[in-house]
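> sequence? don't have it. structure:
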DNA sequence: ACAATTTCCTGCACGC
DNA sequence: TGCGTGCAGGAAATTG
């Protein structure tokens, strides 16, 4: 559940080792609402294409195909891939099946039917809505302090809403938002324009560190998430805030509270993470 | 132009 | 046991 950047990166690596170099023999579309083109066009354009490599931008997977074609895939809440021999039993909610020429099937399954697939020419990938305004990757190279400060100070929103907005920075979802705010001792309802330099740098460092650590741990498993290998992530053992409502804060011992911010369940420590107004550094 | 709210979906945990 | 209700949430669409 809830694939964020580290989970999508784990899926990308799994898919790379399993289907990079494979060729598509035919395609079955079971749930066409997730596509940006008609099922007929989708099938026709994919037949005979090779999966050259699989890239990632934010939470988007980019299947780079032969003939300058890209299949963009967003897993949203519950999207998962699996690879099985052709003809074996398929799970419920299998939405799309890619038959490969080597006798295997690449299956996309999605219980909540929220996932999306867009078939586009390479040159048009970053014209797609979402990708056309996506913010920097949460890495030391891409997420610069000055940029983050500028974005935070021109915005008048709660920090949690800001971090969930992929146009500010790419990759964070509900779990890692709560984690980095707890690590940085920032209240999820804090107004972004009142954050000072030391808070911004703490937030920036924690985002970069947390995402890198989660990728290393193959992502977080919440409920039934698994990657393309069928493995579960190990990072749930390193969570400090998400899902910790009613437990004691690991830093100060206060009971963690859960509220709604931007329509999202949000867990935080009311003692460590306090809202403030316009303070100097 | 911005920010907040609603919408899309299904499965599951509840309470009675 | 079974049914209704609420909740989970990423990002587009809609409203304010």
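It's in. Everything numeric in this text was worked out from a predicted model, so none of it was measured.

> is stretch A:133-140 anywhere near DNA strand B?
No: judged by Cβ under 7 Å from any atom of the strand, stretch A:133-140 makes no contact with DNA strand B; its nearest approach is 10.2 Å. C-betas here are computed from N, CA, C, even on glycine.

> Please tell me how far stretch A:61-76 is from the chain's geometric centre.
Put simply, stretch A:61-76 sits 16 Å off its chain's centre (Cα atoms, centre = their mean, to the nearest Å).

> got a list of contacts for it?
The contact list for stretch A:61-76, computed with Cβ atoms under 8 Å, 6 or more residues apart in numbering, reads A:3, A:7-8, A:11-12, A:15, A:45-46, A:49-56, A:59-60, A:79, A:108, A:110, A:112, A:114-123, A:125, A:128, A:130-131.

> Can you give me the buried ones in that stretch?
Within stretch A:61-76, the residues scored as buried using 16 or more other Cβ atoms under 10 Å are A:61-65, A:69-76.

> Stretch A:48-60 now?
Neighbour counts over stretch A:48-60 (16+ other Cβ under 10 Å) mark A:49, A:51, A:54, A:56, A:57, A:58, A:59, A:60 as buried.

> Around DNA strand B, pick out the residues from the stretch 51-200 of chain A.
A:92, A:93, A:111, A:112, A:113, A:114, A:155, A:156, A:157, A:158, A:161.

> In helices, which of those residues appear?
Counting by DSSP state H, these place residue A:161 in helices.

> Out of the residues of the stretch 51-200 of chain A next to DNA strand B, which end up buried?
Using 16+ other Cβ under 10 Å as the burial test, those include A:93, A:111, A:155, A:157, A:158, A:161 as buried.

> Just give me the neighbour total for residue A:163.
The tally of other residues near residue A:163 (other Cβ atoms under 10 Å) stands at 28.

> you'd agree it is up against residue A:170?
No: taking contacts as Cβ atoms under 8 Å, residue A:163 lies outside contact range of residue A:170: 11.0 Å.

> Where does residue A:242 fall, secondary structure wise?
Assigned by DSSP states H and E, residue A:242 belongs to no helix or strand.

> how close does the closest residue to DNA strand B within the stretch 1-150 of chain A get to residue A:80?
Nearest residue of the stretch 1-150 of chain A to DNA strand B: residue A:112, at 3.8 Å (Cβ to the nearest atom of the strand). In this view, residue A:112 and residue A:80 are 11 Å apart by Cβ to Cβ, to the nearest Å.

> what do you get for residue A:268?
Applying Cβ to Cβ to residue A:268 and residue A:80 gives a distance of 30 Å.

> Of these two, which one has the most company?
residue A:268 (26 against 23).

> which of the buried residues of stretch A:61-76 are close to DNA strand C?
Near DNA strand C, by the rule Cβ under 7 Å from any atom of the strand, you find A:74, A:76 out of the buried residues of stretch A:61-76.

> Identify those among the buried residues of stretch A:61-76 that sit within strands.
Among the buried residues of stretch A:61-76, the members found in strands (DSSP state E) are A:61, A:62, A:63, A:64, A:65, A:69, A:70, A:71, A:72, A:73, A:74.

> got the contact list for the closest residue in space to residue A:98 that isn't next to it in sequence?
Nearest residue to residue A:98 in three dimensions, chain neighbours excluded: residue A:106, at 4.1 Å (Cβ to Cβ, 6 or more residues apart in numbering). Residue A:106 is in contact with A:19, A:22, A:81, A:82, A:83, A:97, A:98, A:100, counting by Cβ under 8 Å, 6+ apart.

> Could you find the closest non-adjacent residue to the last one?
The spatially closest residue to residue A:100, leaving aside those adjacent along the chain, is residue A:22, at 4.7 Å (Cβ to Cβ, 6+ apart).

> ok, back up a step: so can I have JSON lines of the buried ones among the residues of the stretch 51-200 of chain A next to DNA strand B showing distance to DNA strand C and pLDDT?
Shown next, in JSON lines, are those (distance: Cβ to the nearest atom of the strand, whole Å; pLDDT from 0 to 100):
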{"residue": "A:93", "distance to DNA strand C": "12", "pLDDT": "90"}
{"residue": "A:111", "distance to DNA strand C": "9", "pLDDT": "92"}
{"residue": "A:155", "distance to DNA strand C": "13", "pLDDT": "95"}
{"residue": "A:157", "distance to DNA strand C": "12", "pLDDT": "95"}
{"residue": "A:158", "distance to DNA strand C": "14", "pLDDT": "96"}
{"residue": "A:161", "distance to DNA strand C": "10", "pLDDT": "96"}
